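Undergrad: How does the following fold in three dimensions:
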Amino acid sequence: MINACVIGLGSRGFHLTRNVLLNNDDVNILAVCDLYEDRVQKVQELIKEKKGNDAKGYSDYKEAINHEGLDAVYVFTGWEWHTEIAIYAMEKGIAVASEVGCEYSLDSLMKLVETQERTGTPYMFMENCCYNKDELLATAMARKGMFGTIVHCSGAYGHDLRSEVSHGLINRHYRFKNYENRNLENYPTHELGPIARLLNINRGNRFVSVSAFASKAAGLKEYIANCEDADEVMKNTVWKQGDIVTTVITCANGETILLRLDTTLPRSYSREFTVRGTKGLYTQENNSVYLDGEKEYWEPVDYNKATIDNAKNYEEEFLPDIWKNITEEQTQLGHGGMDWFVYKAFSDALQNGEPMPIDVYDAATWMAVSVLSEMSIAAGGAPQLMPDFTKGKWHLRKPEDVIKL
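TA: Numbers count the residues shown, from 1 in each chain. Now for the predicted structure:
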């Protein structure tokens, strides 16, 4: 049994607590923490209703982490608090499950890594998309050589967040101040995490450089102009965050990665996960697989139609068992099941004394892309060198996939 504290009880924290943590019999929530008392009370009532126990409420994360008897802390706060809270918890010997986001300095990431190395306290970066069905299927196929030598991968965070961002002060959401004050690839890890795992980053490969380019910021201003409930702060805010940010990453083994942030213009949701190799490709947009020698792809239109959703034809051979055996209940526990898988992986690893599937080196490297993209944009797109957070150990770490395939 893991005795845990939950810190950050906004939308993400509330839903993960309700849908995932309270459905995991291995987790016992002893304490909850948020700056806002109404959020604390709401989650306390939820825990009482579902589990029958009284969780202690806190407004100060340090007091919450010092609650007696804790084994783990779940960090669901705004981005700016993730690393600070994780470092404090690890110093206390409390295992950390940290939600995803961006980072604000390379120094903070260096300190995160140094703290984990020195204390040995377990830390996991909770990138749920690493456990999504599409990404795991494509990764398994790549591991078996179906796409040949991987040359390039791409992905996007395409999500219309105009209402969430612009109403952030009203709804107490951290994105408002970030979009007001920063211009960067601010949310890279949903698409980058699965790509990094597929390319064995920090396990025989590494990121070398980051170059980024941002469009002008126009989407939020025009959106707010048409909002009947817009207040004066919203109307007068000058946004720095570009509407479209394009980021290029180079890798030590010669691959390139293309990322796109697209959150302040009208669109449907998409991550556009794509894998390109010498023998074929996978693209999430149509859930399609194209393999060399099957057809000349540029000829008949009918063939392109035939490949739509044809990736399902490869599931029997390549889909990991966790997805073959998923229950209907688990699919309802957040983002189609991937929330359940990532949080179950943390609790299993912690209880079994196993390495964390997405460790502190992954967290630092993936979040560093946000910092370096900000620096690159400010420098007119100039490449920024990626620090080696493993201090050379990426050469020695085995390229095994610790997410079981």
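Undergrad: can you pull out the helices in the stretch 251-400 of the chain?
TA: Using DSSP state H, counting those that start in this stretch, the helices of the stretch 251-400 of the chain run over 301-307, 315-318, 321-324, 328-331, 338-352, 360-378.
Undergrad: Endpoints of stretch 223-240, how far apart?
TA: Taking C-alpha to C-alpha, to the nearest Å, the first and last residues of stretch 223-240 lie 15 Å apart.
Undergrad: distance of the closest residue to Ala382 other than its chain neighbours from Val248?
TA: Among residues not flanking Ala382 along the chain, Ser376 sits closest, at 5.9 Å (C-beta to C-beta, 6 or more residues apart in numbering). From N, CA and C alone the C-beta is placed, and that goes for glycine too. Applying C-beta to C-beta, to the nearest Å, the value for Ser376 to Val248 is 9 Å.
Undergrad: cool, Thr149 as well?
TA: 20 Å.
Undergrad: Between the two, tell me which one has more neighbours.
TA: Ranked by neighbour count (other C-beta atoms under 10 Å), Thr149 and Val248 place Val248 first, with 18 against 12.
Undergrad: surely that one meets Glu255?
TA: No: Val248 lies out of contact with Glu255 (C-beta atoms under 8 Å); the separation is 11.3 Å.
Undergrad: show me what contacts the residue nearest to Ala382?
TA: 210-213, 247, 382-384 (C-beta atoms under 8 Å, 6 or more residues apart in numbering).
Undergrad: most neighbours, which of those?
TA: Among the contacts of Ser376, the one with the most neighbours (other C-beta under 10 Å) is Ala212, at 30 neighbours.
Undergrad: Domain boundaries for the chain, per the record?
TA: 2-128, 130-324+360-395 (automatic domain parsing).
Undergrad: distance between the ends of the last one?
TA: What it means is domain 130-324+360-395. Domain 130-324+360-395 end-to-end distance (C-alpha to C-alpha) = 22 Å.
Undergrad: go on, stretch 16-32?
TA: 13 Å.
Undergrad: Check what contacts that stretch and list those residues.
TA: So stretch 16-32 is in contact with 1-7, 9, 40, 43-44, 46-47, 50-51, 53, 55-58, 64, 67, 69-70, 74, 76, 99, 329, 332-334, 339-340, 343-344, 347-348, 351, going by C-beta under 8 Å, 6+ apart.
Undergrad: Over to stretch 213-220?
TA: The list of residues contacting stretch 213-220 from outside it, by C-beta under 8 Å, 6+ apart, reads 162, 165-166, 179, 183-184, 237, 239-247, 264-265, 376-377, 381.
Undergrad: For PyMOL, what selects the buried ones among the residues you listed?
TA: Selecting only the buried entries of the contacts of stretch 213-220 in PyMOL, with 16 or more other C-beta atoms under 10 Å as the criterion:
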select buried, resi 162+165+166+179+183+184+237+239+241+242+243+244+245+246+247+264+265+376+377
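Undergrad: can you give me the helices for the stretch 101-250 of the chain?
TA: Using DSSP H, counting those that start in this stretch, helices in the stretch 101-250 of the chain cover 106-119, 133-143, 162-166, 168-171, 175-181, 189-198, 219-225, 232-236.
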